[in-house]
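In: whatever this is, show me its structure:
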Amino acid sequence: MSFYNDIEAFCDRLWAQRGLADNTLSAYRTDLTAFARFAEQHQVALAQADAELIRHYLEWRQQQGLAGSSTARALSSLRRFFADLVAQGKLQEDPMVLIARPKLATKLPDTLTEADVEALLAAPTDEEAVQIRDRAMMELLYATGLRVSELIALQLEQVSLRQGVVRVVGKGGKERLVPMGEQAQAVLELYLRRARAELLGHNRSDVVFPSRRGVQMTRQTFWYRIKLYARLAGISKPLSPHTLRHAFATHLLNHGADLRVVQLLLGHSDLSTTQIYTHVAQARLQALHEAHHPRP
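Out: Now for the predicted structure:
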């Protein structure tokens, strides 16, 4: 049981020292527990975990057909975990220093054209409270580039209609102010005036976008709603929960926004994370050039 106790202690320290979000801690726990089970199956205790075992684990993951991005995340979790064990004095040497970092192919995020976004945002009607809410949520996502987790957790005191900004609490508890734009502001104001009270019913909550039951919506519910409106809008492209966030960043860059401004708006701590969108924008421009230039 020592392995699992150490995993829990490690996650507790991450929470206390860095204030990581529940989703992030859950990912660490999942990755480390999977490795712990593999080590158990090979009758290897924590103190005996070495580079050979880790390489064997990586080979096993490859045989299982697991995605390279998933393995890269698992390796990142293991690096942090073993470094922590060394710092705690539970291991003398860190076996991860002998493990090379994998080189991953750059995966461009799925995105929508501006016409796709317009069709998606026009899919909900103003006839039902739930559709007014959904329109406001999608408008706000596209206007601000929020993460879905940030959107569904948004509280009333984080929104200023008068100033036209949203105060977002992102990863690691970091705050940022994001302008919402006049269109999203108008749709959000309509929603707050006409639909929110109906959704809340007799419940009391400060969450901006409650579910039909008057409580905070889940990521899965919102994801289901986006897929519904995509079908209504005739959009057949593969979507992800962050599709509108990706569209927000890509369209800003397409229209000449500075990369560092987009980094701040998205809440990325590292500029390299934001740079993926420059590839999307360049790919889009190249496609337009090939389609419309007289000499492609």
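In: ranges for the strands of the stretch 101-250 of the chain?
Out: Ranges of strands in the stretch 101-250 of the chain, per DSSP state E, counting those that start in this stretch, are 159-160, 165-169, 175-179.
In: highest mean neighbour count out of those?
Out: strand 165-169 (a mean of 19; mean count of other C-beta atoms under 10 Å). From N, CA and C alone the C-beta is placed, and that goes for glycine too.
In: where in the stretch 1-150 of the chain is pLDDT low?
Out: 1-2, 18-20, 46-47, 102-110 (pLDDT under 70).
In: helices along that one, start to end?
Out: 2-18, 22-41, 51-63, 68-87, 114-122, 129-144, 148-152 (DSSP state H, counting those that start in this stretch).
In: these: which one's closest to residue 213?
Out: Minimum separation from residue 213 across those (C-beta to C-beta) falls at helix 129-144, 11.3 Å.
In: residue closest to the middle of the protein?
Out: residue 147 (5.4 Å; C-alpha atoms, centre = their mean).
In: if we can go back for a sec, and the helices of the stretch 1-150 of the chain as JSON lines, adding distance to residue 254 and mean neighbour count?
Out: Supplementary listing: the helices of the stretch 1-150 of the chain in JSON lines, determined by distance: least, C-beta to C-beta, whole Å; neighbours: other C-beta atoms under 10 Å:
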{"stretch": "helix 2-18", "distance to residue 254": "35", "mean neighbour count": "14"}
{"stretch": "helix 22-41", "distance to residue 254": "30", "mean neighbour count": "16"}
{"stretch": "helix 51-63", "distance to residue 254": "37", "mean neighbour count": "15"}
{"stretch": "helix 68-87", "distance to residue 254": "26", "mean neighbour count": "17"}
{"stretch": "helix 114-122", "distance to residue 254": "8", "mean neighbour count": "16"}
{"stretch": "helix 129-144", "distance to residue 254": "14", "mean neighbour count": "23"}
{"stretch": "helix 148-152", "distance to residue 254": "22", "mean neighbour count": "21"}
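In: turn those into JSON lines, including distance to residue 99.
Out: JSON lines is the format used below for those (distance: least, C-beta to C-beta, whole Å):
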{"stretch": "helix 2-18", "distance to residue 99": "18"}
{"stretch": "helix 22-41", "distance to residue 99": "12"}
{"stretch": "helix 51-63", "distance to residue 99": "6"}
{"stretch": "helix 68-87", "distance to residue 99": "7"}
{"stretch": "helix 114-122", "distance to residue 99": "41"}
{"stretch": "helix 129-144", "distance to residue 99": "38"}
{"stretch": "helix 148-152", "distance to residue 99": "30"}
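In: the ones you listed: which one's closest to residue 189?
Out: helix 129-144 (8.9 Å).
In: how about residues contacting that closest one?
Out: 117, 120-121, 124-126, 146, 148, 151, 166, 168, 178-181, 183-184, 187-188, 190-191, 194-196, 198-199, 209, 212, 222, 225-226, 229, 244-245, 247-248, 265 (C-beta atoms under 8 Å, 6 or more residues apart in numbering).
In: pull out the buried members of those.
Out: When the contacts of helix 129-144 are checked for burial by 16 or more other C-beta atoms under 10 Å, the buried set is 117, 120-121, 124, 146, 148, 151, 166, 168, 178, 180, 184, 187-188, 191, 195-196, 199, 209, 222, 225-226, 229, 244-245, 247-248, 265.
In: got the domain ranges for this structure?
Out: 2-98, 114-292 (automatic domain parsing).
In: number of nearby residues for residue 241?
Out: 17 (other C-beta atoms under 10 Å).
In: next one: it from residue 219, what distance?
Out: Per C-beta to C-beta, to the nearest Å, residue 241 is found 6 Å from residue 219.
In: do the same with residue 29
Out: In terms of C-beta to C-beta, residue 29 sits 18 Å off from residue 219.
In: now swap in residue 234 and tell me
Out: Counting by C-beta to C-beta - residue 234 and residue 219 are separated by 25 Å.
In: between those two, which has more neighbouring residues?
Out: residue 219 (15 against 10).
In: my read is that the more buried one contacts residue 152, right?
Out: Yes. Residue 219 is within contact range of residue 152, at 6.4 Å (criterion: C-beta atoms under 8 Å).
In: which residues touch residue 217?
Out: 152, 207, 209-211.
In: and with 10 Å instead?
Out: Residue 217 sits next to 133, 137, 148, 151-153, 199, 207-211, 225 when contact means C-beta atoms under 10 Å, 6 or more residues apart in numbering.
In: tell me how many other residues crowd the closest residue to residue 245 other than its chain neighbours.
Out: Nearest residue to residue 245, sequence neighbours excluded (C-beta to C-beta, 6 or more residues apart in numbering): residue 145, at 5.0 Å. Residue 145 is flanked by 23 other residues according to other C-beta under 10 Å.
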